[in-house]
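**Q** fold the following and give me the result.
(one chain, ligands or ions: 1)
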Amino acid sequence: MSQQHFQDIDIFDDANRIPQLGKQLEAIREAGPAFHNWFLKSGRVRAVATFDLVGLPYPTEYALFRAHSRLASPFVRITNRMLIVQFYDFENHLRTMLIGPTDVDLAGNTAYFENLSGKLPGPVADFVLKRYPTPLEHLNELGLSPEDIDYITFDHLHTQDLRRWLGTREPQPELAKAGLAPKDEPIPPMFPNAQLLIMRPEWEQFPQEHPLQQRWFQGESHAAVREDNIIALDNDVLLGPGVALVATPGHTIGNHTIVLNTSSGVWTSSENGMMPEAYDPAASSIPGLRNYSRESGFEVVLNSNTPESSGTQYNSMVKEKLIASRGGPTGEHVQHFSSSEMSPWFLAQRTGPGHIYESLREGRLVTSPRTANIPQPAL
Ligand SMILES: [Zn+2]
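**A** Numbering: from 1, shown residues only. The predicted structure is shown next:
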């Protein structure tokens, strides 16, 4: 495992150590505004942009927790997206990070998706699944090369197979057979200069996943990955001005949220909630969601495909809600950019979100960032 100098952030440490969920929630409510105000002053990232990777159906009972019983459609539609962020590190080097660059070819091998596609006739699968350009195609279009990428991070590892991105220690015959890896040789890393940033509990849970988790992880694939470019984090960290990784466990044990400060304020990104309304359900335009929230008194609605630790996930979503600024067309929406966001879909008319972000673009991404001589703007 590699070492790197980031700045540890201790604002949530005391809250994180409290085992009682209710007491922890109160401690998060106290620390959240302090984090937000401190982070606003940490500086801003240079640029951020988002890119669609794949659109797919997703069970309403996962996307909207128990509120699904009030909603007519058994499926909603989600769009999985990648973010590219450029920021200055503490030595003033411009760094490029990919957030959530799903290897869509290999993500389809996740047990849950294999099961789902087995149930859908080919033409139906073609109709409901929409593939957009791959992470590499997006980078190419932007004039960025895989060598330009310094960091990769995923808010959590559901569905991910990292073998082609980080390289493997041994040949991978089943991928070679499918034409996705070299024969008789380990897979070389597609991103040779990139380090994976991940919370230690997320990485160290493999290969002993719990039965509740197994349909969503590809744990066996992680055992093959080269570990020399993996940075396992033990704390919340500031990577540079305006960019932090904050532990938000619950959806998975090592889940984290990417926090960005931009000219439009503070953004959080994760898959804890699947649209801004998941963070303000009492004000949702979806009647079933609104009524469910008002009756239950719940202030967030969990993405709950794996019920690893629902109370902890609830607390983590309140943490995100307090970290993020408010924005959107009315200025009232939590600036949470869901890594897989609910999308409008004609088959889920009464379940369609009232507000989604769909894309986020601030600043201009720099091509050849490793050699570009661009002074950091005054903050
Ligand atoms: Zn997930």
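**Q** show me what counts as buried in the helix or strand where residue 138 lies.
**A** Residue 138 belongs to helix 135-142 when assigned by DSSP states H and E. Using 16 or more other CB atoms under 10 Å as the test for burial, helix 135-142 gives 135-136, 138-139. (Glycine included, C-beta is placed from N, CA and C.)
**Q** farthest pair within those residues?
**A** Across the buried residues of helix 135-142, the longest distance by CB to CB is 7.3 Å; it joins 136 and 138.
**Q** helix or strand: which one has the closest residue to the ion within the stretch 1-150 of the chain?
**A** In the stretch 1-150 of the chain, the residue that lies nearest the ion is residue 62 (8.8 Å; CB to the ion). Per DSSP H and E: residue 62 is located in helix 60-63.
**Q** contacts for that helix?
**A** With contacts defined as CB atoms under 8 Å, 6 or more residues apart in numbering, helix 60-63 is touched by 68, 71, 73-76, 78, 274, 303-305, 342, 348, 351.
**Q** out of these, who's nearest residue 113?
**A** Among those, residue 305 lies closest to residue 113 (CB to CB), at 11.5 Å.
**Q** helix/strand/coil for that closest one?
**A** Using DSSP: H, G, I helix; E, B strand; the rest coil as the criterion, the local structure at residue 305 reads coil.
**Q** wait, what's in contact with it?
**A** So residue 305 contacts 59, 62, 112, 158, 216 (CB under 8 Å, 6+ apart).
**Q** identify the residue spatially nearest to the closest residue to the ion within the chain, adjacent ones excluded.
**A** Closest approach of the chain to the ion (CB to the ion) occurs at residue 158, with a separation of 3.4 Å. Leaving aside its chain neighbours, residue 158 sits nearest to residue 216 (4.5 Å; criterion: CB to CB, 6 or more residues apart in numbering).
**Q** is that neighbour in a helix, a strand, or coil?
**A** Assignment for residue 216 (three-state DSSP): coil.
**Q** heads up, I number from 705, so please use that
**A** Renumbered: residue one is now 705, and that last one reads residue 920.
**Q** that one reaches residue 814, doesn't it?
**A** Yes: contact criterion CB atoms under 8 Å: residue 920 and residue 814 qualify, at 6.4 Å.
**Q** contacts for the helix holding residue 842, please.
**A** 755, 757, 786, 788, 802, 805-807, 837, 849-850, 852-853, 894, 1069, 1071.
**Q** give me the lowest-pLDDT entry from the contacts of helix 764-767.
**A** Scanning the contacts of helix 764-767 for pLDDT, the low point is residue 1052. It has 64.
**Q** could you pull up phi and psi at residue 735?
**A** Reported as degrees, to the nearest 10, the phi and psi values for residue 735 are phi -80, psi -30.
**Q** contacting residues around it?
**A** Contacts of residue 735 by CB under 8 Å, 6+ apart are 715-716, 718-719.
**Q** just the residues you listed: which are in strands?
**A** Using DSSP state E, no member of those falls in strands.
**Q** who wins for neighbours among those residues?
**A** In terms of neighbour count, residue 716 stands highest of these at 23 neighbours, by other CB atoms under 10 Å.
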